[in-house]
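**Q** model this:
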Amino acid sequence: MRSRDIFEHQVRSLVSLVRSWKARALGELEDVEADVLQDMVSLCSQSFDRGDEVWNAFAVPVAVHWRMRQECFFLAKRGQGPYLSELAAGIRQCTGAEKVLLDDAIYSAKALFAMSAHALHDHLQFLLLATPRLTKAPASIALRSCSEPPWRMAYFLGVEVTKPGGKRQLNEPGVQDAVQGCLHWGVDALTKSVGQDDLESAAPSKFEQGAFGTTVCHAPMYLLDAIQFGEKALPGYRLRQLLQEMAKEDKQATLYYAFNPVCFALDLLLKGRWLTSAMRWSLFASETVEDAQRQVRGAIAAAKTGLRCQLVSLELDALQEMSKKTALGIYSVRGL
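**A** Residues are numbered from 1 along each chain as shown. Predicted coordinates for the structure are as follows:
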């Protein structure tokens, strides 16, 4: 057996042992101590001490809802590098980091969440130092316009380089507020062309020729926080979309909901006079049913459609029976 194989086996064994310790500890610790342990594990999986500097992985969630312009199709496989460089420069200025770099590939939450710490470190090293890869490149996705698009959440992956011992600033409220002025670069990276001389001389983009719709760039956060933020925001986008479609035909509607313990989610059934829609609002492990209910109410308020929407709680059996009568399957939003 090669020494490299022996080393990788030792690493896998150590990771397995640490995971078992973590699971046991989380079950025995009080809530506060368990949260501290969870934060430590999360930090170790996305922050890498290189001796003379620290690499912190982060992500930029971008929500997209692109329709086809007539029959003209649009496909985005990567973000436009110059716009992402402007966004990275803005983030660096707001955080005071030594360096900030954004990958131009487009990623799903699932792909980023599934990356091991070893693979993530290897990818960041490839981005920063252009060294040969030791692991397979993370799988990227493409964003498409279509006739009846659902909202999607995509991510740009980035790395923040800081000095050892420095405080990580990206998630701080002040930085989150300051970086808002840079987020238009994230939208432009997906929807605009790049001019020959500068960004302002760009010709009409392929997006403008082949698609129309909405692109929302959210503030960057450290990797796991960004994934959780994006996946929690996605059901709200989807529910607002359903409300907007219903408001075209109805003046009032009823949103029935029930907790589904098997799927750990709220099953929703939106019924108006003419239209009925169903979806599933998944919960994270740290969330309660009351948290999800507040988020649903927030999404309804944010829709601003003028549609009067009454919320009614049902038992799961009653909701499922109602769904069968309308011949609707539950639309599951979250993919993790």
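
**Q** how many other residues sit next to residue 280?
**A** Residues within reach of residue 280, counting by other Cβ atoms under 10 Å, total 18. Heads up, the C-betas are built off the backbone N, CA and C, glycines and all.

**Q** So which other helices or strands are in contact with the helix or strand where it lies?
**A** Using DSSP states H and E, the element containing residue 280 is strand 276-282. For strand 276-282, the packing partners by 3 or more Cβ pairs under 8 Å, 6 or more residues apart in numbering; DSSP states H and E come out as helix 223-247, strand 265-272, helix 289-303.

**Q** Switch these over to a markdown table; also include distance to residue 178, mean neighbour count and mean pLDDT.
**A** Formatted as a markdown table, these follow (distance: least, Cβ to Cβ, whole Å; neighbours: other Cβ atoms under 10 Å; pLDDT from 0 to 100):
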| stretch | distance to residue 178 | mean neighbour count | mean pLDDT |
| --- | --- | --- | --- |
| helix 223-247 | 17 | 21 | 92 |
| strand 265-272 | 35 | 22 | 92 |
| helix 289-303 | 23 | 16 | 91 |
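
**Q** Present the ones you listed as a markdown table; the columns should include distance to residue 84.
**A** Shown next, in a markdown table, are these (distance: least, Cβ to Cβ, whole Å):
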| stretch | distance to residue 84 |
| --- | --- |
| helix 223-247 | 15 |
| strand 265-272 | 34 |
| helix 289-303 | 28 |
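
**Q** Would you mind writing the CA trace of the host helix or strand of residue 55 as PDB?
**A** Here residue 55 sits within strand 54-68, counting by DSSP H and E. This file holds the C-alpha atoms of strand 54-68, laid out as PDB (Å, rounded to 0.1, in the frame of the first residue of the first chain):
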ATOM      1  CA  VAL A  54      -6.100  32.200   6.800                       C
ATOM      2  CA  TRP A  55      -8.500  31.200   4.000                       C
ATOM      3  CA  ASN A  56     -12.200  31.600   4.700                       C
ATOM      4  CA  ALA A  57     -14.700  30.100   2.300                       C
ATOM      5  CA  PHE A  58     -17.800  32.100   1.600                       C
ATOM      6  CA  ALA A  59     -20.700  32.000  -0.900                       C
ATOM      7  CA  VAL A  60     -23.000  34.600  -2.500                       C
ATOM      8  CA  PRO A  61     -26.600  33.400  -2.900                       C
ATOM      9  CA  VAL A  62     -28.300  34.500  -6.000                       C
ATOM     10  CA  ALA A  63     -32.100  33.900  -6.600                       C
ATOM     11  CA  VAL A  64     -33.200  33.800 -10.300                       C
ATOM     12  CA  HIS A  65     -36.500  33.700 -12.000                       C
ATOM     13  CA  TRP A  66     -35.900  33.800 -15.800                       C
ATOM     14  CA  ARG A  67     -38.600  33.600 -18.500                       C
ATOM     15  CA  MET A  68     -37.900  33.000 -22.200                       C
END
